[in-house]
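> Give me a model of this one.
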Amino acid sequence: MAFPYMEAVVGFMIFMYFFETYFDIRQHKALKLPTLPKTLEGVISQDKFLKSRAYSLDKSYFHFVHEFVTILMDSTILYFRVLPWFWKKSEHLVTLVGLNAENEILHTLGFLAGVMIWSQITDLPFSLYSTFVIEARHGFNKQPIWLFFRDMIKGMLIAIVIGPPIVAAIIVIVQKGSPYLAIYLWGFMLVLSLVMMTIYPVLIAPLFNKFTPLPEGTLREKIEKLAASLKFPLKKLFVVDGSTRSSHSNAYMYGFFKNKRIVLYDTLIQQCKNDDEVVAVIAHELGHWKLNHTVYSFVAVQVLTLLQFGGYTLVRNSSDLFRSFGFDTQPVLIGLIIFQHTVIPIQHLVSFGLNLVSRSFEFQADAFAKKLGYAAELRAGLVKLQEENLSAMNTDPWYSAYHYSHPPLVERLAAIDESDKKEK
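Alright, predicted model coming up:
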């Protein structure tokens, strides 16, 4: 008797839903606490706390509904074998438009077109509610409805342009077959990720936001001076008009080798009290670069990707696995989808491990900025970002440990203060 792979996958998905819902309930209870954590008393205003509490609770209620609908749809699709049914229907669609459905690439693209339409339809109500109800209610959403739909259409068009060549290449690589298939797939994905990291900020991101050079002034001078002192090869310094869509704030870096760029959200500049707070946030980001966190993270992702493809090559010819999910053929894309579902337990463990590493990196980057003399400014900047983004003030420790890749503000401030005490 063949092993019931599909039933096991669905069972584990449901188990993880209840497991994570338990953490969500713990977090919801923490969010309902009527007072600030003692560490933040006198640091965060009562008005900001109440606004943060209301915002966090709204998102929490929304999350419960969204997760319930998601697990219901996902488990139904797998258990009632909607995937193989839709695979056969996409074959008819390809034939209907006059194409050869026996060509696996064309068949797969037809299947993915249907999946994209389905996912857009099912996700649209949640996206609209999140953006135009929750985000708008709490003063974050700044985009009109036409801009929302324009971005959605642009995203779909980009997927239509770059998706087919990628899918076709993966299918061809697998169909050719080789004892080194995992390495070939990994090599292709490595090149693809490097290409996308290069072209996304230059060609794709500007389709959604406007990037302008940071104007001459004290802020630009201070950032350039800091970058030069660390020998960071800063080539361009941009401001992005994030305020056209949201009042949330952020900053990030990108680029390879000697061609690094820093991007500041205009909302970050507007929200910080002075230039030094912005520079302190940048010092934290530069700490990630100086301490090679980006390199370590990239290498970790590549190793995990190679291991995943290695696992896929071991099971891709398992007819029992395909039949368990309702398929009498073994298409390349379906094999990848099934494999992703079968390694969900490992993925959860890996995700938890990566979060632990990421949290450690955040503490190290904070310590790096402090050593540069930005302790007070970083502290003030973190508090300001927490206030302006209405981030959760009270967090459940179990929920935080399981979900957060960045430590809560309470922990970050405690770490900064602790290092101050040690130095004294």
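> Show me the shaky parts of the protein.
Residues of the chain meeting the criterion pLDDT under 70: 1, 257, 273, 419-424.
> what about the strands in it?
211-213, 234-240, 251-254, 260-265 (DSSP state E).
> could you redo these as CSV and give each row distance to V295?
Placement of C-beta: from N, CA and C, glycine included. Shown next, in CSV, are the strands of the chain (distance: least, CB to CB, whole Å):
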stretch, distance to V295
strand 211-213, 25
strand 234-240, 18
strand 251-254, 13
strand 260-265, 13
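> what about those strands, which gets the closest to R53?
strand 260-265 (24.3 Å; CB to CB).
> related to what we said a few turns ago, tell me which of the strands of the chain sits most buried.
Compared across those, strand 260-265 shows the largest average neighbour count, a mean of 20 (mean count of other CB atoms under 10 Å).
> how about the longest helix along the chain: buried residues?
Longest helix in the chain by number of residues (criterion: DSSP state H): helix 46-79. Buried residues in helix 46-79, counted by 16 or more other CB atoms under 10 Å: 48-49, 52-53, 55-56, 58-60, 66, 71, 74-75, 78-79.
> Among the residues you listed, pick out the one closest to L226, please.
Using CB to CB, K48 comes nearest to L226 of the buried residues of helix 46-79, at 28.8 Å.
> Which parts of the stretch 301-424 of the chain are helices?
Remark: helices assigned in the stretch 301-424 of the chain by DSSP state H, counting those that start in this stretch are 319-324, 332-342, 344-369, 375-388, 397-403, 409-423.
> Point out the one among the ones you listed that comes closest to L112.
Across these, closest to L112 is helix 332-342 (CB to CB), at 7.4 Å.
> what's the angle between the closest one and helix 46-79?
120 degrees (axes from the mean of the first three to the mean of the last three CA atoms, to 10 degrees).
> contact partners of helix 332-342?
Residues outside helix 332-342 that contact it (CB atoms under 8 Å, 6 or more residues apart in numbering) are 5, 9, 13, 78, 83, 87, 104, 108, 111-112, 167, 170-171, 174-175, 308, 311-312, 315-316, 321-322, 325, 327, 347.
> go on, stretch 162-170?
So stretch 162-170 is in contact with 105, 108-109, 112, 185, 188, 192, 332-333, 336, going by CB under 8 Å, 6+ apart.
> buried sites along that stretch?
164, 167, 169-170.
> May I see those organised as a markdown table, with distance to Q143 added?
As requested, those are exported to a markdown table (distance: CB to CB, whole Å):
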| residue | distance to Q143 |
| --- | --- |
| P164 | 29 |
| V167 | 31 |
| A169 | 35 |
| I170 | 34 |
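> count of residues packed around R245?
20 (other CB atoms under 10 Å).
> Show me what the longest helix of the chain is packed up against.
helix 5-31, helix 104-129, helix 375-388 (3 or more CB pairs under 8 Å, 6 or more residues apart in numbering; DSSP states H and E).
> Compute the inter-axis angle for the longest one and helix 46-79.
Put plainly, it is helix 5-31. Using the same axes, to 10 degrees: helix 5-31 against helix 46-79 is 170 degrees.
> Now do helix 5-31 against helix 344-369, angle only.
40 degrees.
> Going forward, the N-terminal residue is numbered 91.
I'll keep to 91 as the first residue from here, and by that count the last item is helix 95-121.
> ok, and for helix 95-121, which residues are buried?
For helix 95-121, the buried set under the neighbour-count rule, 16+ other CB under 10 Å, comprises 95-96, 99-100, 102-103, 107, 110-111, 113-114, 116-118, 120-121.
> ditto for the last one
Neighbour-count burial for helix 465-478 flags 465, 467-478 (criterion: 16+ other CB under 10 Å).
> Mind giving me the packing neighbours of that helix?
If contacts are counted by 3+ CB pairs under 8 Å, 6+ apart, helix 465-478 sits against helix 136-169, helix 356-361, helix 365-380, helix 434-459, helix 499-513.
> can we see that at 7 Å?
Other helices and strands packing on helix 465-478, by 3 or more CB pairs under 7 Å, 6 or more residues apart in numbering; DSSP states H and E, are helix 365-380, helix 499-513.
> can you redo the ones you listed as JSON lines with distance to V329 and mean neighbour count?
Below are those laid out as JSON lines (distance: least, CB to CB, whole Å; neighbours: other CB atoms under 10 Å):
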{"stretch": "helix 365-380", "distance to V329": "11", "mean neighbour count": "22"}
{"stretch": "helix 499-513", "distance to V329": "25", "mean neighbour count": "15"}
